[in-house]
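Asks: Build me a structure from this.
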Amino acid sequence: MDCLQAWPEPVVRVQSLSESGAHTIPARYIKPPNDRPSPTTMSDSNVRIPVVDLSADPEHAVQAVASACREWGFFQVVNHGVDPALMRRARDVWRGFFHEPMEVKQPYANSPKTYEGYGSRLGIKKGALLDWGDYYYLHVRPASLRSQKKWPALPSSLRPTTDEYTQELVKLCRQLMQVLSTGLGIKEGRLHEAFGGEEDGACLRVNFYPKCPQPDLTLGLSPHSDPGGMTVLLVDDHVKGLQVRKADAWVTVQPVPNSFIINIADQIEVLSNGVYKSVEHRVMVSSTAERLSMAFFYNPRSDIPLAPIAELITSERPALYQTMTYDDYRLYIRKNGPKGKTQVESLKTVQN
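Replies: Okay, here's the model as predicted:
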């Protein structure tokens, strides 16, 4: 872990670049031509990720979620039980943090050792191309990692609001895990059990994408699949930015008010033996509007072996992935930053 003690070069806050008034972006943020957002790579705007009503008939909800996880790896949930007023407060306090003076934010600067705190890059490769965004990463579970002293003290309501919000999302994730298990044809508590039961993990990454003078040259977040178990994303309803890969096209997500965007991450792909898919996604930026998103990552306990669940292994569908721990797995993204689906693909026992 020695290589993860410090960033390889001084960290530049993207928000500072945005507010400098410059009309061009530094070369380190310019993506290769094939990786830039372009109208020619976007799919038909009428194609949308599924929307699931969690208050609907339970059997219908299970079928809808299972279908979305097999075909898309993404879906939106409405009527999910989390108070919309709490969702708005959570967004407001974190937007308030990013608009605090730099002398308030900088003491929370993070390192690549744990990523907890105020950050502006992923990966430790010197001279790497960077994404147009800042973030704040904090631990929620397990209790041994959770320390509100590492959460921002300003705005003054941030800590209690974030605490209430994340507790509600733990409940929602555990409910969704039951739905996901039932959709796989296994007992409803099986995925939660594979995550370590009450020793499951969770963290929150608040992403801030400032205005960009050349949004056609860069990305807020490069294509990647999430390394953990499941992600619950809260986005600004009025600013689109998230794109999901579907076949060879990028689908721009149309946010539904008061919804959460759910996506399957790599560990559930592994545990489901590839039945549920983690899917690449990326974030576009805008020249006219800033964007904030709150990604809640629900993860397995970090030190237990993870492999396809035994009930999902048959002679016709043998185990498709090697065993590993989440500790080993997430070290990859900390070293390399977002790199598509290269990590989960490397675990496959048979390469296509």
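Asks: For residue 136, which three-state class applies?
Replies: Three-state call for residue 136 (DSSP: H, G, I helix; E, B strand; the rest coil): strand.
Asks: what's across from it in the sheet?
Replies: Beta bridges link residue 136 to residue 118, residue 206, judged by DSSP bridges.
Asks: Then the one 5 residues further on?
Replies: Residues found in beta-bridge contact with residue 141 (criterion: DSSP bridges) are residue 202.
Asks: you'd agree it is up against residue 169?
Replies: No. Contact between residue 141 and residue 169 fails when scored by CB atoms under 8 Å: they sit 10.5 Å apart. Backbone N, C-alpha and C define where each C-beta goes, glycine included.
Asks: Compare these two and say which one has the larger neighbour count.
Replies: residue 169 (24 against 19; other CB atoms under 10 Å).
Asks: Please name the nearest non-neighbouring residue to the more buried one.
Replies: residue 296 (4.7 Å; CB to CB, 6 or more residues apart in numbering).
Asks: circling back: between residue 141 and residue 169, which contacts overlap?
Replies: Each of residue 202 lies in contact with both residue 141 and residue 169 under the rule CB atoms under 8 Å, 6 or more residues apart in numbering.
Asks: and residue 24, what does it touch?
Replies: With CB under 8 Å, 6+ apart, residue 24 has these contacts: 213-214.
Asks: what does residue 147 give?
Replies: Here residue 147 is in contact with residue 139 (criterion: CB under 8 Å, 6+ apart).
Asks: Residue 232 is in contact with the residue nearest to residue 169, correct?
Replies: Yes. Counting by CB under 8 Å, residue 296 does reach residue 232; the two are 4.3 Å apart.
Asks: Give the residues shared as contacts by these two.
Replies: Counting by CB under 8 Å, 6+ apart, the contacts common to residue 296 and residue 232 are 169, 173.
Asks: just the strands in the protein please.
Replies: Along the chain, the segments classed as strands by DSSP state E run 51-53, 74-78, 117-119, 134-141, 201-209, 221-224, 230-235, 242-246, 249-252, 260-264, 281-283, 291-299.
Asks: Of the ones you listed, which is nearest residue 348?
Replies: Each of these has some distance to residue 348 by CB to CB; the shortest is strand 260-264, at 16.3 Å.
Asks: just to revisit the earlier point, possible to save the strands of the chain as TSV with mean pLDDT and distance to residue 179?
Replies: TSV is the format used below for those (pLDDT from 0 to 100; distance: least, CB to CB, whole Å):
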stretch	mean pLDDT	distance to residue 179
strand 51-53	96	9
strand 74-78	97	10
strand 117-119	96	32
strand 134-141	96	20
strand 201-209	97	18
strand 221-224	93	25
strand 230-235	98	11
strand 242-246	93	20
strand 249-252	91	23
strand 260-264	97	10
strand 281-283	95	21
strand 291-299	97	13
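Asks: Which among the ones you listed is found nearest to residue 16?
Replies: Judging those by CB to CB, what sits closest to residue 16 is strand 134-141, at 9.0 Å.
Asks: centre of the chain versus the closest one, how much separation?
Replies: Between the centre of strand 134-141 and the centre of its host chain there is 11 Å, according to CA atoms, centre = their mean, to the nearest Å.
Asks: so it versus strand 291-299, what angle?
Replies: 30 degrees (axes from the mean of the first three to the mean of the last three CA atoms, to 10 degrees).
Asks: what sits up against strand 134-141?
Replies: 13-15, 94, 97-98, 108, 110, 114-120, 145-147, 150-152, 162, 166, 170, 200-208, 210, 296.
Asks: Pull it out as CSV, backbone CA atoms only.
Replies: Backbone C-alpha positions of strand 134-141 (Å, rounded to 0.1, in the frame of the first residue of the first chain) are rendered in CSV as follows:
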residue,chain,number,x,y,z
ASP,A,134,-14.3,17.1,-7.9
TYR,A,135,-15.8,14.9,-5.2
TYR,A,136,-16.2,14.1,-1.5
TYR,A,137,-15.9,10.4,-0.4
LEU,A,138,-16.9,9.2,3.0
HIS,A,139,-17.3,5.9,4.8
VAL,A,140,-20.8,4.9,6.2
ARG,A,141,-20.4,1.3,7.1
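Asks: Would you mind getting the angle between it and strand 201-209?
Replies: 170 degrees.
Asks: quick one: buried residues of strand 134-141?
Replies: Judged by neighbour count (16 or more other CB atoms under 10 Å), strand 134-141 contains these buried residues: 134-141.
Asks: now do stretch 230-237
Replies: So for stretch 230-237, counting by 16+ other CB under 10 Å, buried means 230-236.
Asks: Can you tell me which of the residues you listed is closest to residue 8?
Replies: Among these, and counting by CB to CB, the member closest to residue 8 is residue 231, at 27.5 Å.
Asks: Just to check, that closest one is in contact with residue 263?
Replies: Yes. With contact defined as CB under 8 Å, residue 231 reaches residue 263; the gap is 4.9 Å.
Asks: so what's the residue lying closest to residue 265 once chain neighbours are set aside up against?
Replies: Nearest residue to residue 265, sequence neighbours excluded (CB to CB, 6+ apart): residue 226, at 3.7 Å. By CB under 8 Å, 6+ apart, the residues touching residue 226 are 263, 265-266, 278, 295, 297.
Asks: neighbour-wise, which of those leads?
Replies: That'd be residue 278 among the contacts of residue 226, by other CB under 10 Å, with 28 neighbours.
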